[in-house]
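*Asks:* quick one: sequence and predicted model below, then my questions.
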Amino acid sequence: MKPKKTVFVTVGTTSFDALVQVASSRQLCQQFQALGYSKVLLQIGRGVYEPEPVSKRGFTVEYYRYKDSIAEDIKNASLIISHAGAGSVLESLGAGKPLIVVINQLLMGNHQMELAYQLYLDGHLLYATCCNLLEVLSELDTAKLKPFPPGDTSKFSNFLDKAMGLS
């Protein structure tokens with residue numbers, strides 16, 4: 001029996017209903033299945049939208065709002081789709097998991113875009129918007145992603161300064 005492949009979607013403590021809606025949509029669930037994933041687990045934060053749970057042969061969609069720690073969900077994931085919050089991005093990259101960061105285009109002064117774009121340029125992740133997430137998934141090749149350097153937190157803060165144009 002093949003091991004289950006899980007997509008973990010996280011919005012952190014924020015409200016990002018557009019990501020929750022698109023990640024749980026029929027179209028994306030079909031794409032996840034085509035890519036060999038059997039479970040989509042969504043951490044939906046304080047959003048209003050609650051996805052329809054799915055439980056059919058060989059494929060499930062589940063969600064929760066918060067947990068004390070999402071470390072176990074990250075560890076068990078085969079693919080992570082995350083909002084661009086620095087904490088979620090760093091935790092996912094630190095776990096060595098393939099990561100797609102989805103930019104919330106409704107945020108003003110979108111530093112998240114700068115962070116995600118720089119990490120993308122450095123080859124550590126893929127990035128998308130809610131509008132093109134399906135396209136990014138259809139071209140998914142996680143083998144091309146480079147591991148993020150572990151350990152030294154100053155590297156990340158220096159990276160953030162660089163991405164924000166502060167150094």
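*Replies:* Okay, I see it.
*Asks:* which residue ranges form the helices in this structure?
*Replies:* Here the chain has its helices, by DSSP state H, at 17-23, 26-34, 71-76, 86-94, 111-121, 133-138, 153-163.
*Asks:* so I103 versus R57, what's the distance?
*Replies:* Noted for I103: a distance of 34 Å to R57, by Cβ to Cβ, to the nearest Å. Every C-beta, even on glycine, is put in place using the N, C-alpha and C of the backbone.
*Asks:* P51 is nearest to which of the helices of the chain?
*Replies:* Nearest to P51, of all the helices of the chain, is helix 17-23, at 6.0 Å by Cβ to Cβ.
*Asks:* could you say what helices and strands that closest one packs with?
*Replies:* strand 6-10, strand 39-43, strand 79-83, helix 133-138 (3 or more Cβ pairs under 8 Å, 6 or more residues apart in numbering; DSSP states H and E).
*Asks:* just checking, what packs against the last one?
*Replies:* In this case it means helix 133-138. With contacts defined as 3+ Cβ pairs under 8 Å, 6+ apart, helix 133-138 has these neighbours: helix 17-23, helix 26-34, strand 99-103, strand 126-129.
*Asks:* how many residues are close by the nearest residue to N104 once chain neighbours are set aside?
*Replies:* Once flanking residues are discounted, N104 sits nearest to F16: 5.4 Å by Cβ to Cβ, 6 or more residues apart in numbering. When neighbours are defined as other Cβ atoms under 10 Å, F16 has 26 of them.
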